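Enquirer: sequence plus predicted model, see below.
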Amino acid sequence: MTSAILQAINGVSLAALLFLLASGFTLSFGLMRVVNMAHGAYYLIGGYVGLSIAQTTGSFALALAGGGAAVVVLGYLIDRFLIRRTGENHLAQVLLTVGVAFVLGDVALQIWGGDNLMVPAPAFLKGAVILPGDIYYPKYRFVLIFLGAFVGAVLWLLYKKTQLGAVVRAGVDDREQVNATGINVDRLFVMVSALASFLAGLAGVAGGAFLTLYPGAEWEILVYALVVVIVGGLGSLEGAMIGALIVGLLDAYGRWLLPEFSYFVLFGPIALLMLFRPRGLFGREH
Amino acid sequence: MDRTRIVLALVVLAGLLSLPFAAGPFWTGLATQMMIFGLLALSVDLLLGHAGLFSLTHASFFAVSAYTVAILQVRYNVPTALAAPAGIVAGTLLALVFGLAVRTRGVYFILITIAFGYVVWGVAHRWSSFTGGDNGVTNVPFPAIGAAAITSHTQYYYVVLAAVILCGLGYRLLIRSPFGLGLRGIKASETRMQSLGYRTSLHLYAAFVLSGALASFAGVLYVYYNKFVNPVAASFPISVEAALMAIVGGSGTIIGPFIGAGVVLGLRNWVSSFVEMHHAIMGVVFIATVLWAPQGLVGLAAQLRARLARRGEHKR
């Protein structure tokens, strides 16, 4: 019983991390039809930059902000000079951004080396919390759940309750129409894409403090994020939230109950879902 | 085929036949790899170039078939005559399941095939009691059917060459058949094909399974060449490189994927002799291809030829 609860918290904390990554991916697809496979590499670079900042300054908050900011700059350059040139050709986008991810991964390997590195969490987040029923749980992962929920709430309010969000939603539905009303969708997209990059970098720092950072981590985390997006439906914020929870919980219980086949536990239900809802839970025709 | 093309084909064939004598073991080995990965790229291109579906899970069929052959041969001493077909069957069965992905199109298809590919990699990597984990299965012998046994990499080169030529001819028949034309019709306009009465999803499903079978065959050729198989064979970079080879060479052609395999493997071999960053080099090739040569080398050559022809007309 205790293990079952522990795994539930494990799953939700992974879900929080995946949401940070998947929400940006899904929003940039929704608005600009951009498939950015370098999102995992953004996560890794953000994490490494955060690690270096945390090591020199000793501040975890600075690491989070710096990791996010570094990826905003990187993401802007890649978007402006490479991704824009592919138009709406998804095949070209996927190949191009996979190429970008390969380059970034190798550059990171040269700078930070091939070992598993852990971003140092601040002292007040170390140790465990004691939950009712004498369950000890790492404080850090508990806080991560709150971070995920906080970001989720802010994004949801931005998206549903502000004028900016309304414009973005309109852009997701019909970009030409929004452009025709005199709103600069390109500038809007630069903002959304900066937000997506920031969240990916932030996730790298936050994830690096418990999953560690290593060459190849970018692909592992990207595949999880893709599954979140497939389950939830491309372009849907609610989908990313629900999808992250489903994937996080399936993964935690899968690793616990069937360690050798945990990938099956994760992907089996997705194959089933595809039979009945090929566009995910909240996806629409694109 | 006109006469110049026949002559060209014969010259290339003569070159390939004499390669082991002219160039030595290093180049023979590299050429064997190019043909094997070219075949994998060709299988990817059946979907990509003819049906317009971008699959990133073909390493799965390749690896499942390679693992099947390796495990049967090494652990159970099953002879090649049974192990090799079993490998193809195993890979094709997986393609029958993964073919579900044709319920989706476009980006969803790409994303779902990536996820599928990861399952196979994960199983190869984690189910170590059966797959050998990261070490994989080693000491795979050369193939031997009855008394006819392969004993050297040079002999194996000729086996692969014969297999590739047969596959190429079969592939040519397939894409020129009504089935192949149907695929290209779906690529051009699926709704129009539907209104003509085609069951397009079934058509695509059949193409997916055929393509998986071809990738499985490449896996069989691979494991007998490589002598071992580990989770790398099932990994995402293999799937994406196979697609890259098809695109670099020229998607929608038969020779293109092999040229692409030659360029990609040759480049990697050459570059890795002086820098370690071979993933970055691959990445640059991806980016350059998308930006400057989306039609691949075969496409570039056709453009060049068209331009020369136009210039020739001006002179006249």
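Expert: All right, it came through fine. Numbering: from 1, shown residues only, chains lettered A, B, ... in the order given.

Enquirer: host element of B:Phe179?
Expert: helix B:178-188 (DSSP states H and E).

Enquirer: can you pull out the strands in the stretch 101-250 of chain A?
Expert: A:128-131, A:135-138 (DSSP state E, counting those that start in this stretch).

Enquirer: most tightly surrounded among those?
Expert: strand A:135-138 (a mean of 15; mean count of other C-beta atoms under 10 Å in any protein chain shown). Every C-beta, even on glycine, is put in place using the N, C-alpha and C of the backbone.

Enquirer: give me the contact list for the helix holding B:Phe179.
Expert: The contact list for helix B:178-188, computed with C-beta atoms under 8 Å, 6 or more residues apart in numbering or on different chains, reads B:46, B:50-52, B:174-175, B:192-193, B:196, B:198, B:200, B:203-204, B:206-207.

Enquirer: please pick the buried ones from those residues.
Expert: Buried by 16 or more other C-beta atoms under 10 Å in any protein chain shown: B:46, B:50-52, B:174-175, B:193, B:200, B:203-204, B:206-207, out of the contacts of helix B:178-188.

Enquirer: roughly how far is stretch B:134-142 from the heart of the chain?
Expert: 21 Å (C-alpha atoms, centre = their mean, to the nearest Å).

Enquirer: send me that stretch as PDB with only the CA atoms.
Expert: Extracted C-alpha coordinates of stretch B:134-142, given in PDB (Å, rounded to 0.1, in the frame of the first residue of the first chain):
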ATOM      1  CA  ASP B 134      23.500  -3.400 -23.600                       C
ATOM      2  CA  ASN B 135      25.900  -6.100 -24.600                       C
ATOM      3  CA  GLY B 136      23.400  -7.700 -26.900                       C
ATOM      4  CA  VAL B 137      23.900 -11.000 -28.500                       C
ATOM      5  CA  THR B 138      27.500 -11.700 -29.800                       C
ATOM      6  CA  ASN B 139      29.300 -14.400 -31.800                       C
ATOM      7  CA  VAL B 140      26.800 -14.700 -34.600                       C
ATOM      8  CA  PRO B 141      28.300 -17.100 -37.200                       C
ATOM      9  CA  PHE B 142      28.400 -16.500 -40.900                       C
END
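
Enquirer: pLDDT on that stretch, on average?
Expert: Averaging pLDDT along stretch B:134-142 yields 89.

Enquirer: now swap in stretch B:164-183 and tell me
Expert: So the average pLDDT for stretch B:164-183 ends up being 94.

Enquirer: what does stretch B:228-246 give?
Expert: 92.

Enquirer: with stretch A:75-90 instead?
Expert: 87.

Enquirer: quick one, helices of chain B?
Expert: For chain B, the helices defined by DSSP state H occupy B:3-45, B:58-76, B:80-98, B:106-126, B:128-131, B:153-176, B:178-188, B:190-195, B:200-226, B:236-249, B:255-271, B:278-292, B:296-315.

Enquirer: same list, the ones you listed, but as a markdown table with distance to A:Leu195 please.
Expert: Below are these laid out as a markdown table (distance: least, C-beta to C-beta, whole Å):
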| stretch | distance to A:Leu195 |
| --- | --- |
| helix B:3-45 | 35 |
| helix B:58-76 | 34 |
| helix B:80-98 | 35 |
| helix B:106-126 | 21 |
| helix B:128-131 | 41 |
| helix B:153-176 | 45 |
| helix B:178-188 | 36 |
| helix B:190-195 | 35 |
| helix B:200-226 | 37 |
| helix B:236-249 | 27 |
| helix B:255-271 | 36 |
| helix B:278-292 | 25 |
| helix B:296-315 | 36 |
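
Enquirer: comparing those helices by mean pLDDT, which bottoms out?
Expert: For the helices of chain B, where the average pLDDT is lowest is helix B:296-315, sitting at a mean of 80.

Enquirer: neighbours around the residue of the stretch 201-316 of chain B found nearest chain A, how many?
Expert: Using C-beta to the nearest C-beta, the single residue of the stretch 201-316 of chain B nearest to chain A is B:Phe286, 2.7 Å away. By other C-beta atoms under 10 Å in any protein chain shown, the residues close to B:Phe286 number 27.

Enquirer: could you do A:Leu226 as well?
Expert: A:Leu226: 25 neighbours (other C-beta under 10 Å).

Enquirer: give me the spatial nearest neighbour of it, chain neighbours excluded.
Expert: Nearest residue to A:Leu226, sequence neighbours excluded (C-beta to C-beta, 6 or more residues apart in numbering or on different chains): B:Leu111, at 5.0 Å.

Enquirer: now B:Thr253
Expert: In space, B:Thr253 is closest to B:Val298, 5.1 Å off (C-beta to C-beta, 6+ apart).

Enquirer: A:Tyr253 too?
Expert: Per C-beta to C-beta, 6+ apart, closest to A:Tyr253 is A:Gln7, 5.6 Å.

Enquirer: and A:Val71, by the same measure?
Expert: In space, A:Val71 is closest to A:Gly201, 3.2 Å off (C-beta to C-beta, 6+ apart).
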